[in-house]
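> One predicted model, sequence on top.
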Amino acid sequence: MAPQTALHRYQANDISTASQGQLILMMYDGALKAVNQSIQCMAQKDIAGQSRHILKTQDIVNELSLALDMERGGEVSKTLQQLYQFVLNQLIQANITSDKMYLESVIKVLSPLREAWSRITETSSETQTIPESSPPTERFAAKC
């Protein structure tokens, strides 16, 4: 088996066996990685790479936004929705102006959210015993 094929199988297995909280963390990690790659592309004047990474970040943030359960999440979901909209606007501005200031503000928003999800995931796995038959939406106020 080729090393690349093995890597893809490992990644697919990692995703398919992850909990809901772990999936959200992976999304935040992917968004932050793409933003940092976009900053690197800006520094190298690689407009195509910059745009590609910004669009990837937008896709991830859109998925995070779509995963919000607005009915069950209450004010938290509304606040997250507003933050995601702010991030998306910053990404658009970064792509238009090629100003890394916008990407740095995205990092300042997403990093604490990622850290909060990390703590929530750790806490819930340590303190809660959830029956395996429980649907994932009972564990978190997100649909993904």
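Sure, I can see it.
> Isn't Gln81 up against Leu66?
No - taking CB atoms under 8 Å as the definition, Gln81 is not a contact partner of Leu66, at 10.1 Å. No exception for glycine: its C-beta is placed from N, CA and C like everyone else's.
> Poorly predicted segments of the chain, please.
By pLDDT under 70, the low-scoring segments of the chain are 1-18, 125-144.
> mind listing the strands for it?
Under the criterion DSSP state E, the chain carries no strands.
> can you map out the helices along it?
Counting by DSSP state H, one finds helices in the chain at the ranges 3-16, 20-43, 47-66, 70-97, 100-127.
> residues of stretch 72-79 that come out buried?
Across stretch 72-79, burial judged by 16 or more other CB atoms under 10 Å covers 73, 77.
> meant to ask about stretch 32-46, not that
Buried, per 16+ other CB under 10 Å, within stretch 32-46: 32, 34-35, 37-39, 41-42.
> Then stretch 47-62?
Those would be 50, 53-54, 56-58, 60-61, for stretch 47-62 by 16+ other CB under 10 Å.
> any chance of these in CSV, with distance to Gly21 too?
CSV is the format used below for those (distance: CB to CB, whole Å):
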residue, distance to Gly21
Gln50, 31
His53, 25
Ile54, 26
Lys56, 22
Thr57, 21
Gln58, 23
Ile60, 16
Val61, 18
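> closest to Tyr102 among those?
Tyr102 has its nearest neighbour among those in Ile54, at 9.3 Å by CB to CB.
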